[in-house]
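J.: Okay, sequence plus prediction incoming.
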Amino acid sequence: MNDQQRTNRISSGLVAAISVAVVAVSGGVAWFSSQSANTPTPTNPSETIKQPIEQSNSQQGNEQTASIYWLRSKENRFDLVPQPLKIAATQPDQVLETAFKTLLAGPPQGTDSTTIPQGTQLLGLKAENNDVHVNLSENFTTGGGSTSMIGRIGQVVYTATSLNPQAKVYIEVNGKPLEVLGGEGVELEQPLTRESFQKNYPL
């Protein structure tokens, strides 16, 4: 009887110990689960910061104003007259490309005119630092006398520098620097600026 009672006591003690262990483990798991549920899921801080910055940048300055220059007859000479044009672009290349395409399409009906030959196309434009390279088709060199030639040079120079009046302009035809314009041989000293045009090519 004594051995059986001792065995029963050991078994009871063992069961009690196991029960306590199970309760402790269960309690620990429940506590860990509750803590995990309360802990916020880690996020990538760069994503939460990046999103509003991108949105604000997309709303900044998406429009610029360039000027297209037409010719207006005044007594025995011509004046270069600007026509402001708002263009939905931010890069100087894009803004000036749009301005030149409008210039080459010809002036609206009115008192202003152009001496750029019809059919002249913009083959390329690059605005970098303080330089503007304008590449035009061969039509640009055809027709007209010296006044017509000088007038179209002025239109190109002033339109190309409408975003930066101090810029230097390089005029090319079919990708080659234009040195002499037209049958009357108007020589161009490139690069051209507004200042050099006023000095060397009076209208």
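T.: Great, that's in hand.
J.: Now do the helix or strand Thr147 falls within: everything it contacts.
T.: Assigned by DSSP states H and E, Thr147 belongs to helix 146-160. Under the criterion Cβ atoms under 8 Å, 6 or more residues apart in numbering, residues 66-71, 78, 80, 82, 96, 99-100, 103, 114-117, 132, 134, 136, 140, 144, 167, 169, 171, 181-182, 184, 186, 188, 192-194, 197, 201-203 lie in contact with helix 146-160. All C-beta spots, glycine's among them, are computed from the backbone N, C-alpha and C.
J.: now, which of those lie within helices?
T.: The members of those that map onto helices under DSSP state H are 96, 99-100, 103, 194, 197.
J.: any idea which of those is closest to Pro177?
T.: Nearest to Pro177 out of the ones in helices among the contacts of helix 146-160 is Phe197 (Cβ to Cβ; 16.5 Å).
J.: contacting residues for that closest one?
T.: If you count contacts by Cβ under 8 Å, 6+ apart, Phe197 has them with 153-154, 157-158.
J.: 7 Å instead?
T.: Neighbour list for Phe197: 153-154, 157 [criterion: Cβ atoms under 7 Å, 6 or more residues apart in numbering].
J.: okay, those residues in JSON lines with pLDDT, neighbour count and distance to Asn62 next?
T.: Converted to JSON lines, the contacts of Phe197 look like this (pLDDT from 0 to 100; neighbours: other Cβ atoms under 10 Å; distance: Cβ to Cβ, whole Å):
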{"residue": "Ile153", "pLDDT": "96", "neighbour count": "24", "distance to Asn62": "32"}
{"residue": "Gly154", "pLDDT": "96", "neighbour count": "23", "distance to Asn62": "30"}
{"residue": "Val157", "pLDDT": "97", "neighbour count": "25", "distance to Asn62": "27"}
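J.: Which residue ranges of the protein form strands?
T.: Here the chain has its strands, by DSSP state E, at 64-74, 77-87, 122-128, 131-136, 168-173, 176-177, 180-181, 186-187.
J.: can you list the ones you listed in a markdown table and add mean neighbour count and mean pLDDT?
T.: Converted to a markdown table, those look like this (neighbours: other Cβ atoms under 10 Å; pLDDT from 0 to 100):
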| stretch | mean neighbour count | mean pLDDT |
| --- | --- | --- |
| strand 64-74 | 19 | 93 |
| strand 77-87 | 15 | 92 |
| strand 122-128 | 16 | 95 |
| strand 131-136 | 22 | 97 |
| strand 168-173 | 20 | 97 |
| strand 176-177 | 10 | 95 |
| strand 180-181 | 16 | 87 |
| strand 186-187 | 14 | 86 |
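J.: would CSV of the ones you listed with distance to Pro107 be doable?
T.: Shown next, in CSV, are those (distance: least, Cβ to Cβ, whole Å):
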stretch, distance to Pro107
strand 64-74, 5
strand 77-87, 8
strand 122-128, 16
strand 131-136, 17
strand 168-173, 20
strand 176-177, 27
strand 180-181, 21
strand 186-187, 22
